[in-house]
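[1] Predicted model and sequence follow; I will ask about them next.
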Amino acid sequence: MRFTTYARVWMYAGLAWAFFAAAAPDAWSQVNVGGGGNSSSEQTGNQPGSTVIDPQLLRTSVTGFTGFVSRQLARNGGNLGGAILTADLAQGARDQRGAAAGGGLDRAAGWVNFSDTDIEEDVPATLYEGDLRNYLLGVDYQLDDRILAGLAFGLERGEIDTRFNGGTVTTRGVTVSPYASYRLDERWSFDAILGHTRGDIDQVRGAGIRSETDFRRWFAQANANYVTGLDVVDNLLLAGQAGYTYAFEKIDGFTESNGNLVAANRNPLGQVQLGARAGYSLFDIADGWVFHPYGGLRYLHEIQSSRVSVGPGQAEHPNDNDEVQVSLGLDFFSGSKLSGNIEFLRSFARSKFESSVISVNLRWAFGPSGE
């Protein structure tokens, strides 16, 4: 690899570090939410919903977004020359059909993703349930045989029934997220995702007490990936991933329609993730298509997060730090251009919280080509 390429990578990494240092200088502070927006003795039913549920919304939104982008890199790295997770699957499909014969790979690609997440918490003092939807659009380009870089745009909308205060919370956000992967060799690779989200919150509680506010979110994720080849066991692909996610969100202070003043809120998130998946490739079973059903297991551990506190006499919130995600999905490829994925994911291990996600992804590779 040329020296200028290395220099470019380190320059971008330095700019990213400066971005986070400037944008979130106090992101490592520990905060408490719930138990009263302005008073630690107030019952959770007497405060705006966002002051109680935001830590979980932050966790769900960031984990979901970075997971979608990371899996997008994993499924299609081979199609762009980066060997991450399912790269050998894509390469095997091209070799079998001869799609890459006589020419290079398409360096540029565009993709779309839709996901629908159902969440529910049944702690009596913070009882809520709702739905989060994400619409993603991305483009990426392979700089050389090792580095892929891209940019994703996202729209998110959340509609939550906050039963603990007889109200609702509606969130809307727009995300811009650069990402990149680096292929070390045929088995190991690394990827990184940065992102910034701006959005607004509309909420109501009790007897029609309304409020509006804005939020800003920063997040970053880095992963190390390992993948076996299809030649280890015929058509069987095993993959693993280890990574770290950091996020910080600030919700502006606001005044409710009854005149109640609510202070600004800051919520950090530091999370370690370990994942593994196994899948089996089915070649040319439908006019040249390749299908790859798989199952995955992912463990998340929070080393930093906001803690939900409640008022006197209310049942304590568990504030779980651990989560296990189980997924079932199907990757599919048609030639070297069209690929996609359908996945269902279910979360476990948090004692009073559960979520389920269904996502659909489509991707199309196009020129210019590299020899």
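    Yep, that arrived.
[2] In the stretch 101-250 of the chain, mark out all the strands, start to finish.
    105-121, 128-142, 147-162, 167-183, 188-205, 209-227, 236-251 (DSSP state E, counting those that start in this stretch).
[3] any chance of those strands in a markdown table, plus mean pLDDT and distance to residue 57?
    In short, each C-beta sits where N, CA and C put it, glycine included. A markdown table is the format used below for these (pLDDT from 0 to 100; distance: least, Cβ to Cβ, whole Å):
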| stretch | mean pLDDT | distance to residue 57 |
| --- | --- | --- |
| strand 105-121 | 89 | 8 |
| strand 128-142 | 94 | 7 |
| strand 147-162 | 95 | 6 |
| strand 167-183 | 95 | 7 |
| strand 188-205 | 94 | 9 |
| strand 209-227 | 94 | 9 |
| strand 236-251 | 92 | 9 |
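[4] got the ones you listed as TSV, with mean neighbour count and distance to residue 48 columns?
    Listed next are the strands of the stretch 101-250 of the chain as TSV, based on neighbours: other Cβ atoms under 10 Å; distance: least, Cβ to Cβ, whole Å:
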stretch	mean neighbour count	distance to residue 48
strand 105-121	19	16
strand 128-142	19	12
strand 147-162	19	9
strand 167-183	20	8
strand 188-205	20	6
strand 209-227	20	6
strand 236-251	20	10
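[5] Minimum distance to residue 257: which of those strands has it?
    Each of the strands of the stretch 101-250 of the chain has some distance to residue 257 by Cβ to Cβ; the shortest is strand 209-227, at 4.5 Å.
[6] for that closest one, the distance to its chain's centre please.
    8 Å (Cα atoms, centre = their mean, to the nearest Å).
[7] returning to what we had before: what's the closest of the strands of the stretch 101-250 of the chain to residue 356?
    When these are compared by Cβ to Cβ, strand 105-121 sits nearest residue 356, at 5.1 Å.
[8] strand partners of that closest one, parallel vs antiparallel please.
    Take DSSP bridges as the rule and strand 105-121 pairs in its sheet with strand 128-142 (antiparallel), strand 353-370 (antiparallel).
[9] re earlier: could you redo the strands of the stretch 101-250 of the chain as CSV and give each row distance to residue 269?
    Shown next, in CSV, are the strands of the stretch 101-250 of the chain (distance: least, Cβ to Cβ, whole Å):
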stretch, distance to residue 269
strand 105-121, 16
strand 128-142, 16
strand 147-162, 16
strand 167-183, 15
strand 188-205, 13
strand 209-227, 8
strand 236-251, 4
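[10] for those, which one sits closest to residue 46?
    Set against residue 46 and scored by Cβ to Cβ, those come closest in strand 188-205, at 8.4 Å.
[11] where does residue 326 fall, phi/psi-wise?
    phi -110, psi 130 (degrees, to the nearest 10).
[12] so it makes contact with residue 346?
    Yes: look at residue 326 against residue 346 with Cβ atoms under 8 Å: they come within range, at 5.4 Å.
[13] Which neighbours do those two have in common?
    Residues touching both residue 326 and residue 346 (Cβ atoms under 8 Å, 6 or more residues apart in numbering): none.
[14] circling back to that earlier point, quick one: which of the strands of the stretch 101-250 of the chain is nearest residue 271?
    Taking the strands of the stretch 101-250 of the chain one by one with Cβ to Cβ, strand 236-251 is closest: 4.5 Å.
[15] Kindly export the closest one (C-alpha atoms) in CSV.
    Taking Å, rounded to 0.1, in the frame of the first residue of the first chain, the C-alpha atoms of strand 236-251 are listed here in CSV:
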residue,chain,number,x,y,z
LEU,A,236,-20.1,-23.7,6.2
LEU,A,237,-19.0,-20.2,7.2
LEU,A,238,-18.0,-19.3,10.8
ALA,A,239,-17.3,-15.7,11.8
GLY,A,240,-16.6,-13.7,15.0
GLN,A,241,-16.4,-10.1,16.0
ALA,A,242,-15.2,-8.1,19.0
GLY,A,243,-15.7,-4.4,19.4
TYR,A,244,-16.5,-1.3,21.5
THR,A,245,-19.2,1.3,21.1
TYR,A,246,-19.2,4.7,22.7
ALA,A,247,-22.0,7.2,22.5
PHE,A,248,-23.0,10.5,24.1
GLU,A,249,-26.4,12.3,23.9
LYS,A,250,-27.5,15.7,25.1
ILE,A,251,-31.2,16.7,25.5
